[in-house]
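>>> Whatever this is, show me its structure:
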Amino acid sequence: MFAGPTHVIASGVALAALLTVACVSDLRTRRIPNVLVLTIAVAGFASAIASKSWLAGLTDAGGGLATGLALWLPFYALRMLGAGDVKLFAAASTFIGPREAVEAAFLTAMYGGVLALAYLLRRSGWTATLIRVGHAAKQPALLRNELSGERRRMPYALAIAAGVMTAFWWPGYLVT
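The predicted structure follows:
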């Protein structure tokens, strides 16, 4: 068992590196490979087991995975997120456990809102974005409609990485 600061730093660096690979993949291809998601989950389980007893590590990492999946699966069902995003969040939650997964979900949603606004501004400009967001305040379903016939997904791995890393390095920041 290696629960000291060196282990925490090593786990944080590994998680950051793996999430960086996921972000690059999402930015380039709008896909997050399943093998990468599996690698993140296995690394999270290994990290948790190495830092705690075998059973406690397995329980914490498994709880993080289940919580992450439960929190984001409804957004996939509503077609608001892709399956890769949901799997990425659940896999990354193995590093932080169930309690911090809830916090990371809040943080990810906040970062995602900022990312969505930036994405709308980049695609549509200030005027169209302000009009669209203004109308969406009365009818939120308008934000789900694509502006053009071409469907481009927002690279949500960026928000997931930011939310999970914030919860990893500053646990209890939002949820105490």
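>>> Please make it C-alpha for all contacts and neighbour counts, starting now.
Fine.
>>> what's the weakest-modelled helix or strand in the chain?
helix 97-138 (a mean of 86; mean pLDDT, DSSP states H and E).
>>> Just the C-alpha atoms of the next helix or strand along the chain from that one, please, in CSV.
Counting by DSSP states H and E, the next helix or strand C-terminal to helix 97-138 is helix 157-169. Taking C-alpha atoms only, helix 157-169 is exported to CSV below (Å, rounded to 0.1, in the frame of the first residue of the first chain):
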residue,chain,number,x,y,z
ALA,A,157,-13.6,15.4,-23.1
LEU,A,158,-12.1,18.9,-22.4
ALA,A,159,-14.8,19.6,-19.8
ILE,A,160,-14.6,16.1,-18.4
ALA,A,161,-10.8,16.3,-18.0
ALA,A,162,-11.1,19.7,-16.3
GLY,A,163,-13.9,18.6,-13.9
VAL,A,164,-12.2,15.3,-12.9
MET,A,165,-8.8,16.9,-12.4
THR,A,166,-10.2,19.6,-10.3
ALA,A,167,-12.0,17.1,-8.1
PHE,A,168,-8.8,15.0,-8.0
TRP,A,169,-6.5,17.8,-6.8
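>>> Please tell me how far Val114 sits from Gly163.
For Val114, the distance to Gly163 (C-alpha to C-alpha, to the nearest Å) stands at 12 Å.
>>> Look at those two and report which has more neighbours.
Gly163 (23 against 13; other C-alpha atoms under 10 Å).
>>> contacting residues for the nearest residue to the more buried one once chain neighbours are set aside?
Spatial nearest neighbour of Gly163, chain neighbours left out: Thr108 (4.2 Å); criterion: C-alpha to C-alpha, 6 or more residues apart in numbering. Residues in contact with Thr108, defined by C-alpha atoms under 8 Å, 6 or more residues apart in numbering, are 159-164.
>>> again, 6 Å this time
159-160, 163 (C-alpha atoms under 6 Å, 6 or more residues apart in numbering).
>>> For Leu174, grab the count of nearby residues.
13.
>>> Do you know the pLDDT at it?
On pLDDT, Leu174 comes in at 73.
>>> Which secondary structure state is assigned to it?
coil (DSSP: H, G, I helix; E, B strand; the rest coil).
>>> can you check Met80 too?
coil.
>>> Before we move on, what's the pLDDT of it?
pLDDT at Met80 comes out at 86.
>>> Okay, it and Pro74: tell me how far apart.
9 Å.
>>> Show me where this structure dips below the pLDDT cut-off.
1-4, 129, 141-152, 175-176 (pLDDT under 70).
>>> end-to-end on stretch 139-158?
First-to-last residue span, stretch 139-158, C-alpha to C-alpha: 27 Å.
>>> go on, stretch 87-105?
13 Å.
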